[in-house]
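In: Build the 3D model from these lines:
(chains A, B, C and D)
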2 protein chains.
Amino acid sequence: MDMPEEESKQVTGLDGGSVSHAIFRVARLHKSLAGRLLRETGLHPGQELVLMTLWSGGPQRQVDLVASLESDAPTMTRSISRLEKSGLVRRTPSLTDRRVMIVEVTEAGLALRPKVDRMWSELERLTIEGLSEEQRSGISASLGLLESTLESVDR
Amino acid sequence: MDMPEEESKQVTGLDGGSVSHAIFRVARLHKSLAGRLLRETGLHPGQELVLMTLWSGGPQRQVDLVASLESDAPTMTRSISRLEKSGLVRRTPSLTDRRVMIVEVTEAGLALRPKVDRMWSELERLTIEGLSEEQRSGISASLGLLESTLESVDR
DNA sequence: GGCTTATAGTTAGCCGAACAACTAAAACGC
DNA sequence: GCGTTTTAGTTGTTCGGCTAACTATAAGCC
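Out: Predicted coordinates:
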């Protein structure tokens, strides 16, 4: 057995002592809040990220969207299909590479931008509401640390 | 046009400047890591939390599980149905309240405990790997702050 | 050229998360 | 007692995330 005994105290209790559980709870709360704020736009959480990427990055391949959002191909295919069905996005085959589809935002998609920008600002505001500047920078630093740690595990 | 220009700097760029995006990315990485570690147990992310709650809390009502995990009733119903179908959990009607179902872990479910405990320790280890004690406590504090902020928004 | 490998995208199936609508039973209030 | 409200649980639907399997095309290699 290669498991140290004396450091696994709060592992099974779900008592909130572990960073993993905390990440889990924060993520759930945050996503739920995003979903509520997003309702007035008719979008579902995640779709706004696709649109935001298209707004700032212009027409691009699906694989570029996947890379930007660190998503995966099947999820992107379906997400874009739904955005296309709601008329927010258009898919046209590339002329130079017959494997790729170029995704671009439609008029209707562009029209959603002010609402989504406002929603996103509101989300950010509510997320860090009532915290001091020091606390906020501590949070940013912490999340950055977690992200790079988790990313290095991936590779 | 009613869009303020000068305050939407990192709003549309997805450049990682916002806490919200950081939460999003950390959560995705973390959940994906949990999923990979969990594969050898045959469980899906989330199911291990139900089992852990049952291990530490004993047989209980579904609504208690919902409360412990801050989940919701429909998700719990389906999650438990799947655990039941895989024989890890048993559901018996309460004798005192005919609305409630008592959920308890089976032998097979209990047998998973060492593996899940090990996986959870590993997840926690990988999550905070290479960080100093100071950084870790900063992270715990930050996540706690985010959680209480987001919780207060909910109510 | 022709064979192999890598890349772009799709489809199907599993899962959890969220919302709405529903059934059944308990608790409450008069 | 009886009607109203609350609570426990289920079902249906839509969504994102993930894996696996697949098609089609491009790129690399000999």
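
In: what about the strands in chain A?
Out: For chain A, applying DSSP state E gives strands covering A:60-61, A:89-93, A:101-105.

In: For DNA strand D, find the nearest of those strands.
Out: Comparing the strands of chain A against DNA strand D with CB to the nearest atom of the strand, the closest turns out to be strand A:89-93 (9.5 Å). Any C-beta I mention is one placed from the backbone N, CA and C, and that applies to glycine too.

In: re the thing from before, okay if I get the strands of chain A as TSV plus mean pLDDT and mean neighbour count?
Out: Shown next, in TSV, are the strands of chain A (pLDDT from 0 to 100; neighbours: other CB atoms under 10 Å in any protein chain shown):
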stretch	mean pLDDT	mean neighbour count
strand A:60-61	97	16
strand A:89-93	96	15
strand A:101-105	97	18
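
In: Can the helix-or-strand element of chain A with minimal mean pLDDT be said to contact chain B?
Out: Within chain A, confidence by mean pLDDT, DSSP states H and E is lowest for helix A:133-154 among all helices and strands, at a mean of 88. Yes - contact between helix A:133-154 and chain B, assessed by CB under 8 Å from any CB of the partner chain, occurs at A:135-136, A:138-147, A:149-154.

In: Buried ones only from those, please, as a PyMOL command.
Out: Per 16 or more other CB atoms under 10 Å in any protein chain shown, the buried members of these correspond to this PyMOL selection:
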select buried, chain A and resi 135+138+139+140+142+143+145+146+147+149+150+153
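
In: Contact partners for residue A:77?
Out: Residues counted as contacts of residue A:77 (CB atoms under 8 Å, 6 or more residues apart in numbering or on different chains) are residue A:62.

In: Which pLDDT value goes with it?
Out: What the model reports as pLDDT for residue A:77 is 97.

In: So for stretch A:60-78, what gets flagged as buried?
Out: So for stretch A:60-78, counting by 16+ other CB under 10 Å, buried means A:60, A:62, A:64-66, A:68-69, A:71, A:76.

In: picking up where we left off before, I'd like the strands of chain A as JSON lines, with distance to residue B:19 appended.
Out: Shown next, in JSON lines, are those (distance: least, CB to CB, whole Å):
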{"stretch": "strand A:60-61", "distance to residue B:19": "26"}
{"stretch": "strand A:89-93", "distance to residue B:19": "27"}
{"stretch": "strand A:101-105", "distance to residue B:19": "26"}
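
In: mind giving me CSV with those and columns for distance to DNA strand C?
Out: CSV is the format used below for those (distance: least, CB to the nearest atom of the strand, whole Å):
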stretch, distance to DNA strand C
strand A:60-61, 4
strand A:89-93, 6
strand A:101-105, 4
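
In: In helices only, show me the buried residues of stretch A:60-78.
Out: A:62, A:64-66, A:68-69, A:76 (DSSP state H).

In: Which of those sits closest to residue A:21?
Out: Set against residue A:21, the nearest of these by CB to CB is residue A:69 (25.5 Å).

In: wait, the closest one sits on residue A:51?
Out: No - in this structure, residue A:69 is not within contact of residue A:51 by CB atoms under 8 Å, at 11.1 Å.

In: quick one: residue A:129 and residue B:149 touch, right?
Out: Yes - if you go by CB under 8 Å, residue A:129 and residue B:149 touch, sitting 5.8 Å apart.

In: who in chain A is up against DNA strand C?
Out: Contact residues, chain A versus DNA strand C (CB under 7 Å from any atom of the strand): A:28, A:31-32, A:35-36, A:61-63, A:66, A:73-74, A:76-78, A:80-81, A:91, A:97, A:99-102.

In: tell me which residues of stretch A:18-36 are tucked away?
Out: For stretch A:18-36, the neighbour count (16+ other CB under 10 Å) marks A:18-34 as buried.

In: so does it get close to chain B?
Out: Yes - looking at stretch A:18-36 against chain B by CB under 8 Å from any CB, the contacts come from A:18-20, A:22-34.

In: Please apply the same query to stretch A:96-103.
Out: No - for stretch A:96-103 and chain B, the contact criterion (CB under 8 Å from any CB) is not met; the two come no nearer than 15.3 Å.

In: Relative to residue A:109, how far out is residue A:18?
Out: Computed with CB to CB, to the nearest Å, the distance linking residue A:18 and residue A:109 is 41 Å.

In: er, residue A:70 I mean
Out: Using CB to CB, residue A:70 is found at 22 Å from residue A:109.

In: dump the residue contacts of residue A:88.
Out: By CB under 8 Å, 6+ apart, residue A:88 lies in contact with A:51, A:105-106, A:108-109, A:112.
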